[in-house]
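A.B. asks: output the structure for:
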Amino acid sequence: MNTDPDDLYHPYHVVRLGAIAALAEELGAEPLRLFDLLRPSLADPHRGVRDAVAHALAHASLASAEVLLALLDAARVGTEAPEGRRARLGSLFAIELAARQSPALDTAPFDTARTELIPLVDHALTHVRFQAFSALEALGTRSDDYTARALAHLQDTDEEVVAVAAEALARCGRTDAIEPLAAATARLHSDPLARASVALSELAAGVTDAEAILQPLRHQLVAQSRRIPHGLRACEALGALGGADAQAHLRKLARSWFVHRLVRVAAAAGLARSGSPEGVELLATLLRHRRRDARGYAIELAGRWGGAALVQPLVAILQSPRDYHSDTAALALALTCAPEADAALLTAAEDPRPDVRLEVARALRQRNIGADVLQRLIDHDPDPEVKLAARAAHPDTPDDDPSP
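C.D. replies: Numbering: from 1, shown residues only. Next up, the predicted model:
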């Protein structure tokens, strides 16, 4: 090992970050040793260092179930001192990342995590409740105990916790939560309001007599839809809720020159999400926006809500050798339902740009295709970050595979 572990405690956080990256690369084949070295840094006072440790240990837990169980133990047993709280939150974040990166969640260690993390959603500390919900959502938890606690947390004092609890109830299809969730949205603002609104729209889909509940919510979202950054999620939520009034408002925003360019993109995507062909046409136009931020945002949302009509424009962006947003197009194509996106992504694994290959590896995992292509990236790609993404994405990577 070439890296000095004492650098993990250097006064300058940049040195600590460099040590984490170097140790993660050097000890890729020794995940338990890596965990022992990095565990104290889960309590590092610098947020960026803690996040880097969580990412490194999430990768390590994919190679070793013992690391995942050790993270679970750290999440459950953390002390209430500041260092203990940081370590608990870092462990929960690492478990969430591991779940999001894992090609399969139906394994014994993840089953254990789903069971043992549930009590933490009732923790006295807001941040712990929120991070526990986030980890359990990434784990796909669906038990009656979990959804009962989520229903109770619609009354939580923290708006972010209410929002993530609402998303849990929507994912689990708890239609008995419609009325309490509608009542809870009256207390919410900004991003939590938008997230809870999308959850409510998913629960209310196909439910008779839901309009009386949804209409007041539309008025709340319209009032927020022009503001950055929360207006972006408000437009998404309006698209999810649908209705003639919501479509008319989104159409007006998407065509207005007196709102922020990102709001115009979000409004066009919301209109497309509501089922309006006009929204898809507006998104197609925005794929050529002259500002990078607006164009990148339009590309991502075209993958989410543009449908089959925008797949070929996204493929063209992916394949363009000088396009700044080719990697974003790979991300967007991963979100589409069109089968022609598969061939484009498989071909793009040979792209000379490492940032494109990185997003392609992640996209192949999301679409559950290209095991042979991923293996080729693991074996031969010159970029270590691409190798790591491909290894995380490969469905058959053995636990003791020493690949970095």
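
A.B. asks: only C-alpha atoms from now on, for both contacts and neighbour counts.
C.D. replies: Fine.

A.B. asks: quick one: contacts for the residue nearest in space to the middle of the chain?
C.D. replies: By CA atoms, centre = their mean, the chain has its centre lying nearest to residue 100, at 7.9 Å. The contact partners of residue 100, taken as CA atoms under 8 Å, 6 or more residues apart in numbering, are 138-139.

A.B. asks: mind checking how far it is from residue 345?
C.D. replies: Distance, residue 100 to residue 345, by CA to CA, to the nearest Å: 20 Å.

A.B. asks: coming back round to it: past the helix or strand containing the residue nearest to the centre of the chain, which element shows up next along the chain?
C.D. replies: Assigned by DSSP states H and E, residue 100 belongs to helix 82-101. Sequence order places helix 108-117 as the next helix or strand after helix 82-101, per DSSP H and E.

A.B. asks: could you give the angle of that next one to helix 82-101?
C.D. replies: Taking axes from the mean of the first three to the mean of the last three CA atoms, to 10 degrees, one finds that helix 108-117 is oriented at 130 degrees with respect to helix 82-101.

A.B. asks: next SSE after helix 108-117?
C.D. replies: For helix 108-117, the following helix or strand on the C-terminal side (DSSP H and E) is helix 126-138.

A.B. asks: which strands or helices does the next helix or strand after that next one pack on?
C.D. replies: Per DSSP H and E, the first helix or strand lying C-terminal to helix 126-138 is helix 144-152. For helix 144-152, the packing partners by 3 or more CA pairs under 8 Å, 6 or more residues apart in numbering; DSSP states H and E come out as helix 159-171.

A.B. asks: hmm, who's touching the helix it packs on?
C.D. replies: Taking CA under 8 Å, 6+ apart as the rule, helix 159-171 contacts 126, 129-130, 133-134, 137, 147, 150-151, 153-156, 177, 181, 184, 188-189, 192-193, 195-196, 199-200, 202-203.

A.B. asks: report the contact partners of the closest residue in space to residue 58 that isn't next to it in sequence.
C.D. replies: Once flanking residues are discounted, residue 58 sits nearest to residue 98: 4.5 Å by CA to CA, 6 or more residues apart in numbering. By CA under 8 Å, 6+ apart, the contact set of residue 98 is 58-59, 61-62.

A.B. asks: now those residues in JSON lines, with secondary structure?
C.D. replies: Supplementary listing: those in JSON lines, determined by DSSP: H, G, I helix; E, B strand; the rest coil:
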{"residue": "58", "secondary structure": "helix"}
{"residue": "59", "secondary structure": "helix"}
{"residue": "61", "secondary structure": "helix"}
{"residue": "62", "secondary structure": "helix"}
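
A.B. asks: tell me which two of these sit farthest apart.
C.D. replies: Pairwise distances across the contacts of residue 98 peak at 6.6 Å for 58 and 62 (criterion: CA to CA).

A.B. asks: what sits in contact with each of those two?
C.D. replies: Counting by CA under 8 Å, 6+ apart, the shared contacts of residue 58 and residue 62 are 68, 98.

A.B. asks: who's more crowded, those two?
C.D. replies: Taking other CA atoms under 10 Å, residue 58 and residue 62 do not tie; residue 58 has more neighbours (27 against 23).

A.B. asks: what residues sit buried inside stretch 384-400?
C.D. replies: With burial defined by 16 or more other CA atoms under 10 Å, the residues of stretch 384-400 counted as buried are 384-395, 397.

A.B. asks: give me the contacts around that stretch.
C.D. replies: Stretch 384-400 has contacts (CA under 8 Å, 6+ apart) with 29, 59, 62-64, 101-104, 354, 357-358, 361-362, 364-365, 371, 374-375, 377-379, 381, 403-404.
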